[in-house]
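Participant: only the shape, not the letters, is given here:
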């Protein structure tokens, strides 16, 4: 995929966006400059490193192509320095984050299929590529990963990965169908954000009142 | 090992049991449906993925054979939906968990030996296969891993892995000796549960009283 | 590197020092004997395992050479048993920890370059080899990794890794230049400890007073 300049640029935009999300989380935890850059690096490149280890593409792209690490480090340093001014960009960041999720999911699924991973496994690898960076970011900053709790996020990635695997099964992996799959993930995530869609949570009985039972009187 | 239907079935039972333990932990943390399924997936398949990365069997079995992921996902979804009714099954789950630990330890050690890992390393890989899923589950839900604190658990795995490596050194890796090794892990874990055996904890001086010293008077 | 007895010994000293740091952290968390040994193992060998997975040297040295695991386990057990007497050794441990960081960074960078990882990636791999064990130790004991917060630590590793990559580019990877790179990391870390150097932290406005602004009166 990286032979195409357009795709490389898109990949680096995804890296920058995820680095910004990781660096912002680290700033909130008051980590130092190195900590901010490190968490940004993991958020931007952790999903791809995991993908490359699983499909045995070594060394992983994050270590083999210097442009990936450089983009992640510079973006994180910018967030460290100018983060108060970036707070107003919150909506922009959420939209770019959705774009990064869409892109990483599609390219991750494709790479897994190229490496002869069967379809079900390739969907899982694609989803992990999309959400892996966010998982690493939250583990490093001591949070239960938000991708496990937030409105439709990983589910959007899984839907997109399934679409890519289906297109691959039909032999339709040209630019147009793949872009459509990315737009599907992007759109699902944006609609979920706007409408506050979320996956169902388990029914637990609260301690102060009976639940799921009609009142006795 | 998976060529034999009996062993595949046993493997999938282990996957289901560990998925149930992960999903239960996620329900307690009030993760949403996706989070419950994801933690269940990691608990069921994380140990095996780690093993396959270490012995360079890529893509890992969890991604290469759809039956593993499907079993983990369906079991987690069942726990999500019916968990109040499963609370009464606690003893059953502990017994099945011991069975899963036994099985994963034995198969993990064997796979490492097959991949030319030397005996000491193969024991460690086997133990990690058995306890790795529980480690991932606890990291994702923000707990200090219980396998590091609970009654004889990892130690039972290590004993079993050592037994398998010894049997392999003697050229005795037929079904009967391997089953005996699995029964050894299973039995050790059950006896430890019942008698509340645990490994020793470090001696710390409590703040309110001298410890390890005879009273002065 | 391990063909040389001197380097193997140096490697094992690094393993022992990092195992001691991990085991000490686990003792503070009151983990049991197994937990202490496990955290010590991860702290001593986690960085190297990560390095070997990334450069596809499988099985990782930690599993392929029994002396590594044995050193980590024995050291951790000694800390478990005699930790009250070791508290007075705090300064010694910090100095040895700096030595371990220096050594692991240099050998990690070299191994990555040997495996054809390009220079920027090799620097990252070398740094991760040095700090990876400490990251694993803190994730397992439920802390935000201190290497992300402490005085110049990872930065010292990164400087040393860059020096090794530069020496390699100049074809100067004999014992003398490499030792100089290790001494550089070691010295940077010791000076940072003594002078309490740290990387800058982000500027946040404290809730009780304006910050970064002169008083109004």
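Facilitator: Alright, I've got the coordinates. All values reported here derive from a predicted model rather than from experimental measurement.
Participant: what residues does chain A put near chain B?
Facilitator: Within chain A, the residues that sit near chain B (Cβ under 8 Å from any Cβ of the partner chain) are A:53-56, A:112, A:115-122, A:124-125, A:135, A:139, A:142-145, A:148-149, A:153-155, A:198-205. C-beta here means a position set from N, CA and C on the backbone, and glycine is covered the same way.
Participant: among these, which are in reach of chain C?
Facilitator: A:53, A:56, A:139, A:142.
Participant: which among these end up buried?
Facilitator: Those of these that meet the buried threshold are A:53, A:139, by 16 or more other Cβ atoms under 10 Å in any protein chain shown.
Participant: check the ones next to chain C among the residues of chain A next to chain B and tell me the two furthest apart.
Facilitator: A:56 and A:142 (31.5 Å; Cβ to Cβ).
Participant: on that earlier part again, the ones next to chain C among the residues of chain A next to chain B in helices, which ones?
Facilitator: Of the positions in these, A:53, A:139 sit in helices, assigned by DSSP state H.
Participant: please produce a markdown table containing the ones next to chain C among the residues of chain A next to chain B, extended by pLDDT.
Facilitator: A markdown table is the format used below for these (pLDDT from 0 to 100):
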| residue | pLDDT |
| --- | --- |
| A:53 | 89 |
| A:56 | 84 |
| A:139 | 84 |
| A:142 | 77 |
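Participant: among the ones next to chain C among the residues of chain A next to chain B, which one lies nearest to chain B?
Facilitator: Distances from chain B to these, taken as Cβ to the nearest Cβ, are shortest for residue A:56 (3.9 Å).
Participant: show me what contacts the closest one?
Facilitator: Contacts for residue A:56 (Cβ atoms under 8 Å, 6 or more residues apart in numbering or on different chains) come out as A:115, B:56, B:58, B:59, C:56.
Participant: residue A:76 too?
Facilitator: If you count contacts by Cβ under 8 Å, 6+ apart, then residue A:76 has A:19, A:20, A:22, A:23, A:26, A:36, A:37, A:39, A:40, A:41 around it.
Participant: could you find the closest non-adjacent residue to it?
Facilitator: Nearest residue to residue A:76, sequence neighbours excluded (Cβ to Cβ, 6 or more residues apart in numbering or on different chains): residue A:40, at 3.0 Å.
Participant: following the helix or strand harbouring the one you found, which helix or strand comes up?
Facilitator: Per DSSP states H and E, residue A:40 falls inside helix A:33-54. The element immediately downstream of helix A:33-54 (helix or strand, assigned by DSSP H and E) is helix A:61-64.
Participant: what about that following helix, near chain C?
Facilitator: Yes - Helix A:61-64 lies within reach of chain C by Cβ under 8 Å from any Cβ, at A:62, A:63, A:64.
Participant: just send those back as JSON lines, with pLDDT and neighbour count too.
Facilitator: Shown next, in JSON lines, are the residues of helix A:61-64 next to chain C (pLDDT from 0 to 100; neighbours: other Cβ atoms under 10 Å in any protein chain shown):
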{"residue": "A:62", "pLDDT": "90", "neighbour count": "24"}
{"residue": "A:63", "pLDDT": "91", "neighbour count": "26"}
{"residue": "A:64", "pLDDT": "90", "neighbour count": "18"}
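Participant: which residues touch stretch A:117-124?
Facilitator: With contact meaning Cβ under 8 Å, 6+ apart, stretch A:117-124 is reached by A:54-55, A:109, A:112-113, A:125, A:158, A:161-162, A:164-165, A:168-169, B:59, B:62-66, B:69-70.
Participant: buried ones among the residues you listed?
Facilitator: A:54-55, A:109, A:112-113, A:125, A:158, A:161-162, A:164-165, A:168, B:59, B:62-65, B:69.
Participant: report the angle between the host helix or strand of residue A:102 and helix A:33-54.
Facilitator: For residue A:102, the element it lies in under DSSP H and E is helix A:90-114. Inter-element angle recorded for helix A:90-114 and helix A:33-54: 30 degrees (by axes from the mean of the first three to the mean of the last three Cα atoms, to 10 degrees).
Participant: who in chain A is up against chain C?
Facilitator: Counting by Cβ under 8 Å from any Cβ, chain A sits next to chain C at A:26-27, A:29-36, A:38-39, A:49, A:53, A:56, A:58-60, A:62-66, A:69-70, A:80, A:83-84, A:139-142.
Participant: go again using 6 Å as the cut-off
Facilitator: For chain A, the contact set with chain C under Cβ under 6 Å from any Cβ of the partner chain comprises A:27, A:30-35, A:38, A:53, A:58-59, A:63-64, A:66, A:69, A:80, A:142.
Participant: so where's chain A uncertain?
Facilitator: Across chain A, the ranges flagged by pLDDT under 70 are A:1-4, A:6, A:87-88, A:150-151, A:198-199, A:203-217.
Participant: tally of neighbours for residue A:28?
Facilitator: 12 (other Cβ atoms under 10 Å in any protein chain shown).
Participant: excluding its backbone neighbours, what's nearest it?
Facilitator: Nearest residue to residue A:28, sequence neighbours excluded (Cβ to Cβ, 6+ apart): residue A:141, at 7.9 Å.
Participant: if we can go back for a sec, the residues of chain A next to chain B, buried ones only, as a ChimeraX selection?
Facilitator: A single ChimeraX command selects the buried members of the residues of chain A next to chain B (16+ other Cβ under 10 Å):
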select /A:53,54,55,112,115,117,119,120,121,122,124,125,135,139,144,145,148,149,153,154,155,198,199,202
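Participant: from the residues of chain A next to chain B, which land in helices?
Facilitator: Those of those lying in helices (DSSP H): A:53-54, A:112, A:119-122, A:124-125, A:135, A:139, A:154-155.
Participant: now those residues in TSV, with distance to residue C:192?
Facilitator: TSV is the format used below for these (distance: Cβ to Cβ, whole Å):
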residue	distance to residue C:192
A:53	33
A:54	37
A:112	42
A:119	51
A:120	49
A:121	45
A:122	46
A:124	43
A:125	40
A:135	31
A:139	26
A:154	40
A:155	45
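Participant: what two of these are the furthest from one another?
Facilitator: With distances taken as Cβ to Cβ, the most widely separated pair in those is A:119 and A:139, at 28.5 Å.
Participant: quick revisit: mind giving me the packing neighbours of the helix holding residue A:102?
Facilitator: Here helix A:90-114 touches helix A:5-28, helix A:119-140, helix A:154-169, helix A:175-195, going by 3 or more Cβ pairs under 6 Å, 6 or more residues apart in numbering or on different chains; DSSP states H and E.
Participant: now with 7 Å, please.
Facilitator: Judged by 3 or more Cβ pairs under 7 Å, 6 or more residues apart in numbering or on different chains; DSSP states H and E, the packing partners of helix A:90-114 are helix A:5-28, helix A:33-54, helix A:119-140, helix A:154-169, helix A:175-195.
Participant: what angle do the first one and helix A:90-114 make?
Facilitator: Here the directions of helix A:5-28 and helix A:90-114 differ by 130 degrees (the same axes, to 10 degrees).
Participant: quick one, helix A:5-28 and helix A:119-140 angle?
Facilitator: Calculated by the same axes, to 10 degrees, helix A:5-28 forms an angle of 30 degrees with helix A:119-140.
Participant: residue A:176: how many residues sit nearby?
Facilitator: 7.
Participant: and stretch A:104-119, how far from the chain's centre?
Facilitator: Its chain's average C-alpha position is 15 Å from that of stretch A:104-119, according to Cα atoms, centre = their mean, to the nearest Å.
Participant: kindly report the same for stretch A:113-132.
Facilitator: Using Cα atoms, centre = their mean, the offset of stretch A:113-132 from its chain centre is 13 Å.
Participant: repeat for stretch A:76-85
Facilitator: Using Cα atoms, centre = their mean, the offset of stretch A:76-85 from its chain centre is 21 Å.
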